[in-house]
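Novice: Dropping the sequence and predicted coords here.
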Amino acid sequence: MASPRTPLENMKARQGVIVALIGGALVFSGGCSAQPPLSSSGSAVHAIYERAGEPDASPQQQLHDIVVFDWAAELDLREPVTVDALQQPESGQTGPRGQSSWEAYEREVDTTIELVVSSIRSELGHDDVREFYEQNLESFARQDVLVVQVTEWEGGRARASTELHIDETTVRTLQESDDTVVSSALLLEAGEQVMVTRRDGTTAEIRCLSRTEAGVDPFEDVTQAAAAQLADELFLAELTRRIDAARPR
């Protein structure tokens, strides 16, 4: 089981999918050369992309950024974006804390997204969060408790065997030491077994001796996490709607 991503990382990953979908829509509606409609932020964003000369300085990504900036301005979370605020310095200059000017711009987009998500989260009621929690219990499931036997094989023969106890307190440490074995073990039910080959070429047989469901975390223990996930979901749904409404027809 890979380490869970933060809500912002999840959100940014799904934003990538949204941007790709926008790209397809723009091609269908008139080709990649189509420019997003200008708004209070549009001319500034377009100018920044033009000056940056970035490989992904595309209409779909620009449209994403414009919608984000306009949304934040609409909520009075920041002033409408201007060229001066997002000025791209001459090549070789850097922004705050030694960042390149393009990195500083990308951080500005991320910060604006965080502002909008935070605003959405502040408006959530306790009942809204509880309903989301109850509808998505799998997202708050605890790590099942597994006992597995790992047998090393070499030259067609079984060598030493060890027993692993995997639960929410040990899973990360065990994965760091032997991710191939532990990640495969997490997929097994009691009585199942599998042979795996690690990256270094060694082979191991994994047998699941027992698996006990650990249930889900109580709502009171994950209220903040549930609120963050719900705000994330609401942001992405509204972002998609706004982008669809703004894209060229």
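Specialist: Good, I have the coordinates. Numbers count the residues shown, from 1 in each chain.
Novice: and the residue lying farthest from the centre of the chain, what are its bridge partners?
Specialist: In the chain, the residue that sits farthest from the middle, by CA atoms, centre = their mean, is Arg157; the gap is 42.8 Å. Taking DSSP bridges as the rule, Arg157 bridges to Glu154.
Novice: where does the chain have low pLDDT?
Specialist: Within the chain, the stretches with pLDDT under 70 are 1-40, 54-57, 85-100.
Novice: can you give me the strands for it?
Specialist: For the chain, the strands defined by DSSP state E occupy 145-154, 157-166, 193-197, 203-212.
Novice: So for Val109, which of those sits nearest?
Specialist: Taking CB to CB, strand 157-166 is the member of the strands of the chain nearest to Val109, at 39.3 Å. Just so you know, the C-beta spots here come from the backbone N, C-alpha and C atoms, and that holds for glycine as well.
Novice: Name the residues of the closest one that are buried.
Specialist: Going by neighbour count (16 or more other CB atoms under 10 Å), the buried part of strand 157-166 is Leu164, Ile166.
Novice: Just want the angle from that strand to strand 145-154.
Specialist: Here the directions of strand 157-166 and strand 145-154 differ by 160 degrees (axes from the mean of the first three to the mean of the last three CA atoms, to 10 degrees).
Novice: what's around Glu50, how many residues?
Specialist: Glu50 sits with 12 neighbouring residues when counted by other CB atoms under 10 Å.
Novice: How much space separates it from Ile243?
Specialist: 21 Å (CB to CB, to the nearest Å).
Novice: is it true that Val81 touches Val45?
Specialist: Yes: look at Val81 against Val45 with CB atoms under 8 Å: they come within range, at 6.7 Å.
Novice: Can you check which residues contact both of these two?
Specialist: Listed contacts common to Val81 and Val45 are Phe69; contacts here mean CB atoms under 8 Å, 6 or more residues apart in numbering.
Novice: Assess the claim that Ala83 and Gly42 are in contact.
Specialist: Just to correct that, residue 83 is Val rather than Ala. No: counting by CB under 8 Å, Gly42 is not a contact partner of Val83; they are 11.0 Å apart.
Novice: longest single helix anywhere in the chain?
Specialist: Secondary structure of the chain per DSSP state H: the longest helix is helix 219-246.
Novice: which other helices and strands contact that helix?
Specialist: If you count contacts as 3 or more CB pairs under 8 Å, 6 or more residues apart in numbering; DSSP states H and E, helix 219-246 packs onto helix 7-30, helix 59-74, helix 101-122, helix 126-135.
Novice: Next, the angle from the second one to helix 219-246.
Specialist: Relative orientation of helix 59-74 and helix 219-246, computed by the same axes, to 10 degrees: 120 degrees.
Novice: Can you check what angle separates the longest helix of the chain from helix 126-135?
Specialist: Between helix 219-246 and helix 126-135, the angle comes out at 90 degrees (the same axes, to 10 degrees).
Novice: Helix 219-246 vs helix 101-122, what angle?
Specialist: Angle, helix 219-246 to helix 101-122, by the same axes, to 10 degrees: 120 degrees.
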